[in-house]
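Trainee: Okay, sequence plus prediction incoming.
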Amino acid sequence: MLKPIIEFCASNMHHGTDRIMKRLEADPDYEVIEYGCLGNCGECYLFPFALVDGEIVAAESADRLYDEIVRMTGEQRAHREALDKLIDDL
């Protein structure tokens, strides 16, 4: 199964996303990448954010961002599993 790719911006770490990044790096279910800049300067300045498989995920705090990342990747995983099951049943 493919791991979700979680991308963090080094410039966003002042929001506490460094803690979230380290927490996700310790989990073998995620592929975590840190970049110097993700080119989303407006979001980066205003609130904690990350890219999950290329899609922006943002929240009002780093802890909430973690929850959103886990929720989103869980939904993606469930959709892939349902699709795989459908294909297997054909």
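Mentor: Looks like it came in fine.

Trainee: What residues sit buried inside the worst-scoring helix or strand of the chain on mean pLDDT?
Mentor: Sorted by mean pLDDT, DSSP states H and E, the helices and strands of the chain end with helix 41-46, the least confident at a mean of 82. For helix 41-46, the neighbour count (16 or more other Cβ atoms under 10 Å) marks E43, C44 as buried. Where you see a C-beta, it was placed from the backbone N, CA and C, and this is true even at glycine.

Trainee: Return the distance of it from the chain's centre.
Mentor: Its chain's C-alpha centre and that of helix 41-46 lie 16 Å apart, by Cα atoms, centre = their mean, to the nearest Å.

Trainee: tell me the contacts of F49?
Mentor: By Cβ atoms under 8 Å, 6 or more residues apart in numbering, the residues touching F49 are C9, N12, T17, N40, E43, I56, V57, A58, A59, L65.

Trainee: which of the residues you listed lies closest to K3?
Mentor: V57 (15.9 Å; Cβ to Cβ).

Trainee: Shouldn't the closest one be within a strand?
Mentor: Yes. Looking at V57 with DSSP: H, G, I helix; E, B strand; the rest coil, it is inside a strand.

Trainee: State the distance from it to N12.
Mentor: 12 Å (Cβ to Cβ, to the nearest Å).
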